[in-house]
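Trainee: my questions concern the predicted model and sequence given below.
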There are 2 protein chains.
Amino acid sequence: MATIRDVARASGVSVATVSYVINNGPRSVREETRRLVLAAMEELDYHPNAMARALVNRRVNTLGVLFGRVEPAIVTNQYVTGILEGVMSAAAERGFNVTLFTQRWKDAATSAAPLRDGRCDGVLAIAPPTDNDMIEGLAGLDLPVIVVSAAIAAETGLPFVDVDNAEGTRLAVRHLVELGHRRIAHLTGEESQPSAGERREGFLRGMAEAGLPVPAEFLVTARYNLGAGYEPTLRLLQLPQPPTALVAGNDALALSALDAARDRGISVPEQLSIVGFDDTPAAALVTPPLTTIRQPMARIGAWATRLLGDRIDGVPVAQQAHRASPELVIRATTAPPP
Amino acid sequence: MATIRDVARASGVSVATVSYVINNGPRSVREETRRLVLAAMEELDYHPNAMARALVNRRVNTLGVLFGRVEPAIVTNQYVTGILEGVMSAAAERGFNVTLFTQRWKDAATSAAPLRDGRCDGVLAIAPPTDNDMIEGLAGLDLPVIVVSAAIAAETGLPFVDVDNAEGTRLAVRHLVELGHRRIAHLTGEESQPSAGERREGFLRGMAEAGLPVPAEFLVTARYNLGAGYEPTLRLLQLPQPPTALVAGNDALALSALDAARDRGISVPEQLSIVGFDDTPAAALVTPPLTTIRQPMARIGAWATRLLGDRIDGVPVAQQAHRASPELVIRATTAPPP
DNA sequence: TCCGCCAATCTAACCGTTTCACCTGAGTCG
DNA sequence: CGACTCAGGTGAAACGGTTAGATTGGCGGA
């Protein structure tokens, strides 16, 4: 492998001059000399060593991505890949590469080490969990950090980007109210997910705005997983005054609610309307296609990446909270009440 | 940021000794000294700089991943994320991080540069295309390269891992034959995708083994995209002697075939059986759930990653072709012919 | 007692860049 | 014409590690 010294020797100039040619500065180089150097570089098939440059520049043009959930299967998660898509394109725009950290998070002392060793210029934490010290560990780093999707970041002061969860659920409620629904229930996600609380918040606000009552039994909690909404939905449908519409905490819950309704012989959307949240690809594929709240994942990922790029470049990030607007996607699981 | 010299000074030893402590060798260190050094490291919150180590070790413990398709949206592709999942977990096992190259491939001269600058120890090319010089560019690199999913690699001698496409389609045919089908058509993917040819190959072999004829009009070519199978399927169904079963080149084609059948009022699987290929998540969600050939993507990704790790560690890769076994997943789109 | 050996340690060269301080010669200006 | 500026170029010191080679002191054996 040719080094900068080889190029210098071959073109009869000093290494400094070669470096100036490579970087277009900070000193100017006579055109004739430049050509000489470029020819030598070409001739020797020379490529500057990124590690050496990184060492002196203290900059590697690489963004680190950290996943919050523990499964290694995480990259197949629709939410994560949606975010990642935005991250990739925004990173490409600004000339950053992206390195995925593969090790699971143990604790700040051991897991933060690979982040502070100069391997990347900044870190993007995607959906960090509440039950370990990841957020604190990241906040303690002297690296730029942006958090995606976590109100948890609020306490630590880390800037974050997330969809406006409350607003999304409010949109869902408003849509149902406009269709004429008055008895609307909410399937909340698990408490440990900060988004769950925000979404319920939005549900309550939407109901209050419409002047509709929310019986206690219309607020049920389930896990975010596929299938978790099945039992709760069955119970809701057996109430003496069952709801005519269901706002689910996410698409997975909505899908299992759909299953439950089908199994009870209740037709959707004629007898029961269902709205999801996230607009995962499955939402469009299922029959009937799911009305849901779209979370602009790619936009969120790109936004976070740009913020991170700014921070790396020394541009201060003005505010801490960045909220992307959700969007109502009307498909076929909502209709006027019977 | 503390450096190794700070640690040396703080613990009253030389930098060499500190280095020996960090790396457990290559020289031994007295237990007492080691403790002294470790204490100083802890005290100063010292973390060895990865770039500096990489510079002298010529090893960064990082794998580069290159995507073949051009869209930046690539990471949302189910196939790619499936592979990536395997890559991530296998990389984690062996202590590698993964960097995703974000720039699109232009040509070998410009696009290969970032790969040979020491940023990663080896490269994984996922589904490289046939219509540019990516493969040649990679083959010309003096880096270990493993190709995922590309018979194209064959010519260049690069080792590759892929599902056994022909075998998969053969399984599909055998399944249909066992159900009693005799008139089976094949929706081939686009020619430029090497997998398409292999799958058709397997189809023909399977039909030959069963002693069944394949009329020319039963072999149709479409693009791999969602929706592309719609028109061809309609045409097949309008034949005087229409097929009773359809083997699709991938799930996307199968799904659009399903749509076409539904729109023609032909019930699946009672009047028409359909088999997909890939087992993307959509396959299980659609109604009726799709019988398909599962491609073990995570396994393929992990396999490729281990091969790459071996090559990086200097273990020679014995053979060039590595074929993962496909698996028939029977759901609800196949049944005996009418 | 002397020698050789060995473990533990240190000194310094090196990895491949960038950039600062310095030098030279030509042009500019009063 | 001398003092400046300035563009173009050089040498060498960083950057933060690793490791070969030299050095030291302690110990066992002849």
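Mentor: Done, it's in.

Trainee: next one, pLDDT for A:Ala150 please.
Mentor: Per-residue confidence at A:Ala150 stands at 67 (pLDDT).

Trainee: for A:Pro213, same thing?
Mentor: For A:Pro213, the model assigns a pLDDT of 95.

Trainee: excluding chain neighbours, give the residue nearest to A:Val163 in space.
Mentor: Leaving aside its sequence neighbours, A:Val163 sits nearest to A:Gln295 (C-beta to C-beta, 6 or more residues apart in numbering or on different chains; 4.5 Å). C-beta here means a position set from N, CA and C on the backbone, and glycine is covered the same way.

Trainee: where does the residue of the stretch 151-300 of chain A found nearest chain B land in three-state SS?
Mentor: Going by C-beta to the nearest C-beta, chain B is nearest to A:Thr287 of the stretch 151-300 of chain A, at 4.5 Å. Put simply, A:Thr287 is coil when judged by DSSP: H, G, I helix; E, B strand; the rest coil.

Trainee: could you report the neighbour count for A:Pro326?
Mentor: Per other C-beta atoms under 10 Å in any protein chain shown, the neighbour tally for A:Pro326 reads 25.

Trainee: got it, and A:Ala2?
Mentor: The number of residues packed near A:Ala2 is 14, by other C-beta under 10 Å.

Trainee: same thing with A:Val56?
Mentor: Other residues near A:Val56 come to 8 when the count uses other C-beta under 10 Å.

Trainee: what of A:Gly180?
Mentor: By other C-beta under 10 Å, the residues close to A:Gly180 number 12.

Trainee: any idea how far it is from A:Leu212?
Mentor: The gap separating A:Gly180 from A:Leu212 is 12 Å, by C-beta to C-beta, to the nearest Å.

Trainee: quick one on the thing from earlier: now do the contacts for the residue of the stretch 151-300 of chain A closest to chain B.
Mentor: Applying C-beta atoms under 8 Å, 6 or more residues apart in numbering or on different chains, we find A:Thr287 in contact with B:Val286, B:Thr287.

Trainee: what do you get if the cut-off is 7 Å, keeping everything else the same?
Mentor: A:Thr287 sits next to B:Thr287 when contact means C-beta atoms under 7 Å, 6 or more residues apart in numbering or on different chains.

Trainee: for it, grab phi and psi.
Mentor: phi -110, psi 130 (degrees, to the nearest 10).

Trainee: show me where the stretch 151-300 of chain A has helices.
Mentor: All helices of the stretch 151-300 of chain A, identified by DSSP state H, counting those that start in this stretch, fall at A:153-156, A:165-179, A:194-209, A:230-237, A:251-263, A:281-285, A:297-312.

Trainee: would CSV of these with mean pLDDT be doable?
Mentor: Converted to CSV, the helices of the stretch 151-300 of chain A look like this (pLDDT from 0 to 100):
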stretch, mean pLDDT
helix A:153-156, 72
helix A:165-179, 97
helix A:194-209, 93
helix A:230-237, 94
helix A:251-263, 93
helix A:281-285, 84
helix A:297-312, 95
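
Trainee: could you report the neighbour count for A:Glu231?
Mentor: A count of neighbours around A:Glu231, defined by other C-beta under 10 Å, yields 13.

Trainee: for DNA strand C, see how far away it is.
Mentor: As judged by C-beta to the nearest atom of the strand, to the nearest Å, A:Glu231 and DNA strand C stand 61 Å apart.

Trainee: so which strand or helix has A:Leu63?
Mentor: Here A:Leu63 sits within strand A:62-67, counting by DSSP states H and E.

Trainee: ok and the helix or strand that that strand is followed by relative to helix A:251-263, angle-wise?
Mentor: Next along the chain after strand A:62-67, taking DSSP H and E as the criterion, comes helix A:78-93. Orientation check (axes from the mean of the first three to the mean of the last three C-alpha atoms, to 10 degrees): helix A:78-93 against helix A:251-263 gives 150 degrees.

Trainee: was I right to think A:Phe67 contacts A:Ile126?
Mentor: Yes - at 5.4 Å, A:Phe67 and A:Ile126 qualify as touching, with contact defined as C-beta atoms under 7 Å.

Trainee: mutual contacts of these two, please.
Mentor: Both A:Phe67 and A:Ile126 are contacted by A:Val80, under the criterion C-beta under 7 Å, 6+ apart.

Trainee: show me what contacts the spatially most central residue of chain A?
Mentor: Using C-alpha atoms, centre = their mean, the residue of chain A that lies closest to the mean C-alpha position is A:Ile83, 4.1 Å off. By C-beta under 7 Å, 6+ apart, the contact set of A:Ile83 is A:Ile126, A:Val148, A:Met297, A:Ile300, A:Gly301.

Trainee: quick revisit: nearest to DNA strand D among the helices of the stretch 151-300 of chain A would be which one?
Mentor: Taking C-beta to the nearest atom of the strand, helix A:297-312 is the member of those nearest to DNA strand D, at 17.4 Å.

Trainee: packing partners of that closest one?
Mentor: Under the contact criterion of 3 or more C-beta pairs under 7 Å, 6 or more residues apart in numbering or on different chains; DSSP states H and E, helix A:297-312 touches helix A:78-93, strand A:122-126, strand A:145-148, strand A:160-163, strand A:321-324.
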